[in-house]
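Engineer: Following is a predicted model, sequence given first.
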Amino acid sequence: MLRLRRAALAVSLLVCHLEAQSARDQARLQDLNFLTTQLPKLHASFFFQLNPADYNAAAGQLGNQVSTLSDAQFYVGLAQLVAMAGDAHTYLSLSNSAAAKLGFLSFPLQFRWLDDGVFVTGAADTYSRALGAQLVQVGDFSIDEAVKRLATVIPHENDQWLHYQAQMYLRQQQVLQGLNLVPATATTALGFRDRAGTEFTLNVGTESAPIVPATSANQASLPAYLQSPGLNYWYTYSAATRLLYFKYNQCADMPGNPFQAFTAALLSALDANPVDSLVFDFRGNTGGDANLIVPLGLGLLQRLPALAANSRFGVFVAIDKGTFSSGMDNAMQFKEPIPPELGVPPGVDFSRFVHVVGEPTGGKPEHYGNVKPFTLPASQLSGQYSTQFFALPDGIRAGPSFAPDVAVPLLSADYFAWHDPVLAAILARWPGAAAAPAGDMFTVNAASFRVEHGLAAGSFAAAFGKIATAPDEVQVNGQSAKLIGGTTSQVNFVVPAGTSAGTAVISVRAGGHEIAQGRATITSSGPGLFVLQPTAASQPGAVLNQDSSVNGPASTAAPGSVIQIFGTGYGPLDRSGSAPVVVMIGGEPAEVLYSAPYPQLPALWQINARLPASAHGQVSLYVIAGTTASNAVTVLVR
């Protein structure tokens, strides 16, 4: 009798399991049916670049697996179906509260896709070792393979938006599991590489824990583009740089500070202060109401004749991979022809004042948009779909992104030194990158290692490559250069002082014979600052305090004291033998007391500058020589 009861119980449990499984499968099929029959009808043109047969085949394959897939696999499969349309505005969200109820949770990490990789910019205390490190592996897969698979889930029309969205998707454990990148375990193995090149693995869970940012707790120390992310819009004026900066994070009104009142205040600041640089920063603006900014644009046009009287005046539009939808549309309007009915004064060419700076947008200039939400009937997962097509605006070049006039990369060395190279390029009036170094030996400034900057005559240079033997000579355009040292992979030398601007041939030689050759661009100035500890994420500079001690944690500088900064690439000297320079400390110009070649070593540039009295903690520092801004370093101020 006992055996019969046990058998009956087992059968009952099996029936309950099958009934539960059947109910789960039916629910899954409801959601799948919505995406196959309803979403294509709701969208303005779901199959604008997608073969319906391919979509139906993918849906059918997912339906056939409805009983065997885990939740992570099935719902990731639904997101992949939506992404097949190739419309970046149409997606199924796996990161909202409905997704969390289905088990989609995130690592307590924050990632940022920079021009040299994906880096950890925030982490819970448990994983603090990862702060500032580069993410290089997900489970057993390289970051490249992981992003390749994520590309099937993330609707995108260019790599910029894929990379921007990947910052969030790489945090989602169940998305990675659904893509079969990692096993369905409580923790996930993520591989990192620090600046010293050391690789390590952390097993990361999805526990709820406060995320500590790598950026400063002192908001005043941060570059403007990282400040006040919770505000839809804000502005600030710097009298020292004559720069009026408007940060537009989201195209949406703010309670308590409606955009109409905000516009009046910003325009009043424009009227009341001398302005050389008017910056509209759309970086990270993913959209909203494109019409909200119109009154501000009209106010600017009315003031243009007066502003144009200033030969230094310029309007600078900052964009990046996070500039999308209405944020991108607003940025593009600065390059579109102005309708005559807006009453632009005769003889005023607005376009000549506008310079777009940064990196290509995540949005595509011609795109679907004007979205509406949808909710899946069973899982309650939500998403959105496009209802309207927006044609290519007049005056805008067709392409996957809206491209800047001046491309400015953002590297990890910039981010963790709390430096904004876009704003630096604006203040320097940088015309854009020099021709990149090329050839067997890749030659760059020996202090900054920035490929977008040229080399100044008389500066330290470093050439990288692989050669059979250590060199004993370097020639630049046939002229012998001072050799500092060389190995089979790196050669350090001084660019001859008389080298003419333009493309230069770098000849690396041994025993009277050329063993490698490269090309580099010689520019009038090419400022670079030496980094005391290149492996430190914060990029501490080669800086001496007023008492000649090395600036660092054990010996910080006093506010208002004089520091000595060391670099190379100063450019032409003035009649007194000084090197003209602007020193920017914490975003403001500092008093320069001395700037000249170091007497015993002319390629070395020494700059003495006074720290601002308000400086505190870790402060970013860079210099401008000619129309080029250097790399940034940091200095510690007590």
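Structural biologist: Received, thanks. Residues are numbered from 1 along each chain as shown.

Engineer: Would you map out the domains in the chain?
Structural biologist: 2-86, 109-213, 219-364+400-427, 434-523, 528-637 (automatic domain parsing).

Engineer: With mean pLDDT added, can I get the ones you listed in a markdown table?
Structural biologist: Output for those, formatted as a markdown table (pLDDT from 0 to 100):
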| stretch | mean pLDDT |
| --- | --- |
| domain 2-86 | 85 |
| domain 109-213 | 97 |
| domain 219-364+400-427 | 94 |
| domain 434-523 | 97 |
| domain 528-637 | 96 |
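
Engineer: Out of those, the one nearest residue 387 is which?
Structural biologist: Smallest distance to residue 387 across these (Cβ to Cβ): 5.2 Å, for domain 2-86. Every residue, glycine included, has its C-beta placed from N, CA and C.

Engineer: want to throw the domains of the chain into JSON lines with distance to residue 386 and mean neighbour count?
Structural biologist: Output for those, formatted as JSON lines (distance: least, Cβ to Cβ, whole Å; neighbours: other Cβ atoms under 10 Å):
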{"stretch": "domain 2-86", "distance to residue 386": "5", "mean neighbour count": "15"}
{"stretch": "domain 109-213", "distance to residue 386": "10", "mean neighbour count": "18"}
{"stretch": "domain 219-364+400-427", "distance to residue 386": "10", "mean neighbour count": "19"}
{"stretch": "domain 434-523", "distance to residue 386": "36", "mean neighbour count": "19"}
{"stretch": "domain 528-637", "distance to residue 386": "40", "mean neighbour count": "19"}
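
Engineer: closest one to residue 375 among the ones you listed?
Structural biologist: domain 2-86 (8.9 Å).

Engineer: now that closest one: how far from the chain's centre is it?
Structural biologist: 37 Å (Cα atoms, centre = their mean, to the nearest Å).

Engineer: all helices for the stretch 1-150 of the chain, in order.
Structural biologist: Under the criterion DSSP state H, counting those that start in this stretch, the stretch 1-150 of the chain contains helices at 2-33, 39-42, 52-64, 71-83, 97-101, 143-150.

Engineer: for the stretch 151-300 of the chain, same thing?
Structural biologist: Using DSSP H, counting those that start in this stretch, helices in the stretch 151-300 of the chain cover 159-169, 173-178, 259-272, 294-308.

Engineer: need the helices of the stretch 1-150 of the chain in CSV with distance to residue 256, can you?
Structural biologist: Below are those laid out as CSV (distance: least, Cβ to Cβ, whole Å):
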stretch, distance to residue 256
helix 2-33, 40
helix 39-42, 35
helix 52-64, 46
helix 71-83, 36
helix 97-101, 26
helix 143-150, 38
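
Engineer: Please enumerate the helices of the stretch 451-600 of the chain.
Structural biologist: Going by DSSP H, counting those that start in this stretch, the stretch 451-600 of the chain shows no helices.

Engineer: center of this protein, which residue is that?
Structural biologist: By Cα atoms, centre = their mean, the chain has its centre lying nearest to residue 114, at 4.6 Å.

Engineer: If we ignore the residues flanking it in sequence, what's nearest it?
Structural biologist: Spatial nearest neighbour of residue 114, excluding adjacent residues (Cβ to Cβ, 6 or more residues apart in numbering): residue 412 at 5.0 Å.

Engineer: re earlier: Serialize the helices of the stretch 151-300 of the chain to CSV and add fields for distance to residue 486.
Structural biologist: Compiled in CSV, those are given as follows (distance: least, Cβ to Cβ, whole Å):
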stretch, distance to residue 486
helix 159-169, 37
helix 173-178, 45
helix 259-272, 54
helix 294-308, 53
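
Engineer: closest to residue 145 out of those?
Structural biologist: Of these, nearest to residue 145 by Cβ to Cβ is helix 173-178, at 11.6 Å.

Engineer: List the contacts of the closest one.
Structural biologist: Residues from elsewhere that reach helix 173-178 (Cβ atoms under 8 Å, 6 or more residues apart in numbering): 70-77, 94, 103-107, 138-139, 146, 150, 153, 169-170, 182-184, 188, 204, 206.

Engineer: Just give me how far that helix sits from the chain centre.
Structural biologist: 25 Å.

Engineer: for stretch 134-151, same thing?
Structural biologist: In terms of Cα atoms, centre = their mean, the centre of stretch 134-151 is found 19 Å from the chain centre.

Engineer: Between the two ends of it, what distance do you get?
Structural biologist: End-to-end span of stretch 134-151 (Cα to Cα, to the nearest Å): 20 Å.

Engineer: isn't residue 439 right up against residue 508?
Structural biologist: No. Contact between residue 439 and residue 508 fails when scored by Cβ atoms under 8 Å: they sit 9.7 Å apart.

Engineer: Overlap of the contact sets of those two?
Structural biologist: 465, 516, 517, 518.

Engineer: For these, work out which two are farthest apart.
Structural biologist: Using Cβ to Cβ, the two most remote members of the shared contacts of residue 439 and residue 508 are 465 and 517, lying 9.6 Å apart.

Engineer: who touches both of these two?
Structural biologist: Contacts common to residue 465 and residue 517, judged by Cβ under 8 Å, 6+ apart, are 439, 440, 441, 508.

Engineer: can you tell me which of the residues you listed are in strands?
Structural biologist: Taking DSSP state E, the ones among these that sit in strands are 439, 508.

Engineer: tell me which of the shared contacts of residue 465 and residue 517 is nearest to residue 302?
Structural biologist: residue 439 (52.5 Å).

Engineer: how much space is there between residue 490 and residue 450?
Structural biologist: The gap separating residue 490 from residue 450 is 16 Å, by Cβ to Cβ, to the nearest Å.

Engineer: whoops, residue 513 was the one
Structural biologist: Residue 513 is 31 Å from residue 450, by Cβ to Cβ.

Engineer: Same question for residue 171.
Structural biologist: Residue 171 is 30 Å from residue 450, by Cβ to Cβ.

Engineer: now residue 205
Structural biologist: 38 Å.

Engineer: Residue 277 now?
Structural biologist: Distance from residue 277 to residue 450, by Cβ to Cβ: 22 Å.

Engineer: same question, residue 82
Structural biologist: From residue 82 over to residue 450 (counting by Cβ to Cβ), the distance is 40 Å.

Engineer: Can you show me the strands along the stretch 201-350 of the chain?
Structural biologist: 212-213, 233-238, 243-248, 277-281, 314-319 (DSSP state E, counting those that start in this stretch).

Engineer: of these, which approaches residue 271 most closely?
Structural biologist: The nearest among the strands of the stretch 201-350 of the chain, by Cβ to Cβ, is strand 243-248 at 10.6 Å.

Engineer: Run the chain-centre distance for the closest one.
Structural biologist: Centroid separation between strand 243-248 and its chain, computed with Cα atoms, centre = their mean, is 18 Å.

Engineer: between that strand and strand 314-319, how many degrees?
Structural biologist: 30 degrees (axes from the mean of the first three to the mean of the last three Cα atoms, to 10 degrees).
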